[in-house]
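K.L.:
with the sequence up front, the predicted model follows.
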Amino acid sequence: MRDLLVPCCAAVLLLACGSRISLGDVPAQSSSGGNGGSVVDSGAPMGGDPPALDAGTKQPLCESVDNRNLLGASGATDGGSGATGAWSLQRFSVPYDINPVDNMVVTADGTAWYPLSYQVRHVLANGDFKDFDAPSWVWAEQIGHPWGLTVGPDGNVWYTAGQLGQFGRVASDGQITMFPPVSSDDLELYAGSPRAERYKAALVAGRNYLWFASDILGRVAVDGTITEFNLTGPPAVTGLVSAADGMWFGAEGHLERITDDGEITERAIPSGASPESLMAGLDGGVWFTAPDEAGYVTDDGRVIEFPVPSGGMKVTPLGVDVNRNLWLVKQTTLAADQAASERELLRVNLDGCIVHFPLAPSDRQFGADNISFPARPFITTDHQSFVFHDAPPPPPPQSLSPLSAWIGRATPLGDFSERSFPLEGQLWFSALSPDSSLWLFEDAGPIQYVDHLKFAE
């Protein structure tokens, strides 16, 4: 078995499949501290039956182009107004921390959380913040730096404690509990142990448990109980996403599902494609993308494939909307002699249709590292929106050009708007709130900022 190396800022974990062993309960240790095209429908309604397509389907039932965003019907570059409403920005200065933020999360109350060197910071909607001390010990380069924050099924914030091989649970009042519990006297020995090495991976929240993967697959209950499942065979190549019961993960030519009690089943992809990314559906199924195609695996295991030829363009998944349809963004790579690249949104409907929404050419490039969408779909009063942003590199030191970022927003019906807003520094990370607002983090050298971007409905 090869060890799997998981980067500190990774949002995707690598897995392998195999048999299970479980360990006993582990007690806790506490510390305070997106109109000129065809009319299309929006796909199968949420909660409806799965699509009536045979397993192995590889062609869309229909394909159409909707030019509303090229014609300006929705204000594709509306400067802050249009079909998706007005935009407002609040910027809050926060104390500087030497370690760059590796991610942000937003809890159900709409407030933001992110890690510091030895603390976890909680930022309220009005800009007030609190820093909670994370238990940490430093010796022989073993540091308990919190990273990989996620919101667990209990609503609390969870994180991985640096190189210590522990997980932290942060309650809303700042109480931090570490799992597995290790006393300060025993931690130096524990930190180099095989178990600690297995527990350095980032946590991914499922419906009932948190999960992680290294050379084993681990399940963490909200009370801190850790159960291990031994993995055999070659390492998987894609991510870990929530199923109705347990989690989905990918491997070469197929997907696998592990239930909450550890039963593993394999779903072969008829074309033999290997998934490159996974996105949870709303009904327990899972969407996947592979070169020149996308596919859906229903909760009962049927596999449906759709061709999505790249045509030399870069294809990046956005997420799954309230109607269970998959959204992608395609764009040409901007060459040095090009003023603008071609871009379009794609909606792959669960009813078997693909809809293209061309966007105006732009000199901005959207990439996988700066697309924000929720792990669990969020619903506004009448629609769901995806938000993705592009922050250009900073200008040369001699340049006086101000920094700026572009934010794009798309609804399930295909309405798209985007606008720029000024930056004080480098835009590092962002996270979506359940109310569809966007939190962002900027690093401006001696000063750091947390931004709250709101979209009026």
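P.N.:
That came through fine.
K.L.:
can you pull the contacts of residue 172?
P.N.:
With contact set as C-beta atoms under 8 Å, 6 or more residues apart in numbering, residue 172 has these partners: 107, 109, 155-156. Using the backbone N, CA and C atoms, a C-beta is placed for each residue, glycine as well.
K.L.:
so what does it look like in phi/psi?
P.N.:
Backbone torsions for residue 172, taken as degrees, to the nearest 10, come to phi -60, psi -20.
K.L.:
how close does it get to residue 126?
P.N.:
Residue 172 is 16 Å from residue 126, where distance means C-beta to C-beta, to the nearest Å.
K.L.:
follow-up on the earlier one: just put the contacts of residue 172 in CSV and tack on neighbour count.
P.N.:
Formatted as CSV, those follow (neighbours: other C-beta atoms under 10 Å):
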residue, neighbour count
107, 18
109, 12
155, 12
156, 18
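K.L.:
before we move on, which element is the residue sitting furthest away from the middle of the chain in?
P.N.:
Each residue of the chain has a distance to the centre, and by C-alpha atoms, centre = their mean the biggest one is for residue 185: 37.0 Å. Using DSSP states H and E, residue 185 falls within no helix or strand.
K.L.:
can you check the pLDDT for it?
P.N.:
Per-residue pLDDT puts residue 185 at 72.
K.L.:
and the one 10 residues further on, by the same measure?
P.N.:
According to the prediction, residue 195 has pLDDT 84.
K.L.:
what residues are up against it?
P.N.:
So residue 195 contacts 165, 180 (C-beta under 8 Å, 6+ apart).
K.L.:
now it. Its backbone dihedrals?
P.N.:
With angles defined as degrees, to the nearest 10, residue 195 sits at phi -60, psi -40.
K.L.:
give me the element residue 278 is part of.
P.N.:
strand 277-280.
K.L.:
next one: residue 122
P.N.:
Using DSSP H and E, residue 122 falls in strand 119-123.
K.L.:
cool, residue 211 as well?
P.N.:
strand 210-213.
K.L.:
quick one: list the elements packing against that strand.
P.N.:
If you count contacts as 3 or more C-beta pairs under 8 Å, 6 or more residues apart in numbering; DSSP states H and E, strand 210-213 packs onto strand 204-205, strand 216-220.
K.L.:
and these, which one's lowest on average pLDDT?
P.N.:
Ranked by mean pLDDT, those bottom out at strand 216-220, with a mean of 91.
K.L.:
which strands and helices sit next to it?
P.N.:
So strand 216-220, by 3+ C-beta pairs under 8 Å, 6+ apart, packs with strand 210-213, strand 226-230.
K.L.:
neighbouring strands of that strand in the sheet, and parallel or not?
P.N.:
Applying DSSP bridges to the sheet, strand 216-220 is found paired with strand 210-213 (antiparallel), strand 226-230 (antiparallel).
K.L.:
a markdown table please, covering those strands and showing distance to residue 321.
P.N.:
Shown next, in a markdown table, are the strands paired with strand 216-220 (distance: least, C-beta to C-beta, whole Å):
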| stretch | distance to residue 321 |
| --- | --- |
| strand 210-213 | 24 |
| strand 226-230 | 32 |
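K.L.:
now the helices and strands packed on strand 216-220 in TSV, with mean neighbour count?
P.N.:
Below are those laid out as TSV (neighbours: other C-beta under 10 Å):
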stretch	mean neighbour count
strand 210-213	25
strand 226-230	19
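K.L.:
residue 440 is nearest to which of those?
P.N.:
Among the helices and strands packed on strand 216-220, strand 210-213 comes nearest to residue 440, with 25.4 Å by C-beta to C-beta.
K.L.:
pLDDT averaged over the closest one - what is it?
P.N.:
Here the average pLDDT along strand 210-213 is 92.
K.L.:
what does stretch 321-333 give?
P.N.:
So the average pLDDT for stretch 321-333 ends up being 84.
K.L.:
what do you get for stretch 354-364?
P.N.:
On average, stretch 354-364 scores 84.
K.L.:
on that earlier part again, run through who's touching the strand holding residue 122.
P.N.:
Contact with strand 119-123 is made by 33, 92, 94, 111-115, 129-134, 146, 149, 157, 159, 168, 170, 174, 176, 439, 450, as judged by C-beta under 8 Å, 6+ apart.
K.L.:
distance between it and the chain's centre?
P.N.:
Distance of strand 119-123 from the chain centroid (C-alpha atoms, centre = their mean, to the nearest Å) equals 20 Å.
K.L.:
where does the prediction get shaky in the protein?
P.N.:
Residues of the chain that meet the criterion pLDDT under 70 lie in 1-61, 71-85, 137-143, 232-237, 334-340, 364-402, 456-457.
K.L.:
give me the contact list for the strand holding residue 278.
P.N.:
Residues outside strand 277-280 that contact it (C-beta under 8 Å, 6+ apart): 12, 238-243, 248-250, 255, 286-289, 317, 319-320, 326, 375-376.
K.L.:
beyond that strand, next helix or strand please.
P.N.:
Proceeding N to C from strand 277-280, the next assigned helix or strand is strand 286-290, under DSSP H and E.
K.L.:
within the sheet, what are the partner strands of the helix or strand that that following strand is followed by, with directions?
P.N.:
Going down the chain from strand 286-290, the next helix or strand is strand 293-297, by DSSP H and E. Sheet pairing of strand 293-297 (DSSP bridges) gives strand 286-290 (antiparallel), strand 303-307 (antiparallel).
K.L.:
who wins for proximity to residue 443 among those?
P.N.:
strand 286-290 (31.2 Å).
K.L.:
I'd like the distance from the closest one to the chain centre, please.
P.N.:
Once both centres are worked out by C-alpha atoms, centre = their mean, strand 286-290 turns out to sit 14 Å from its chain's centre.
K.L.:
just the CA atoms of it, as PDB, please.
P.N.:
Presented in PDB, the C-alpha positions along strand 286-290 are these (Å, rounded to 0.1, in the frame of the first residue of the first chain):
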ATOM      1  CA  VAL A 286     -23.400  11.700  -7.500                       C
ATOM      2  CA  TRP A 287     -22.200  13.600 -10.500                       C
ATOM      3  CA  PHE A 288     -18.800  13.000 -12.000                       C
ATOM      4  CA  THR A 289     -16.700  14.600 -14.700                       C
ATOM      5  CA  ALA A 290     -14.100  12.900 -16.900                       C
END
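K.L.:
and for it, what's in contact with it?
P.N.:
Here strand 286-290 has contacts from 238, 241, 243, 248, 250, 255, 269, 271, 273-281, 294-297, 308, 315, 317, 320, 326, 328, 348, using C-beta under 8 Å, 6+ apart.
K.L.:
hang on, residue 168 packs against residue 177?
P.N.:
Yes. Counting by C-beta atoms under 8 Å, residue 168 does reach residue 177; the two are 7.1 Å apart.
K.L.:
those two: who's more crowded?
P.N.:
Remark: of residue 168 and residue 177, residue 168 carries more neighbours, 27 against 19, as counted by other C-beta atoms under 10 Å.
K.L.:
can you tell me the closest non-neighbouring residue to that one?
P.N.:
Nearest non-adjacent residue to residue 168, counting by C-beta to C-beta, 6 or more residues apart in numbering: residue 159, 4.9 Å away.
K.L.:
got the contact list for that neighbour?
P.N.:
Here residue 159 is in contact with 115, 120, 134, 146-150, 167-168, 170, 203 (C-beta under 8 Å, 6+ apart).
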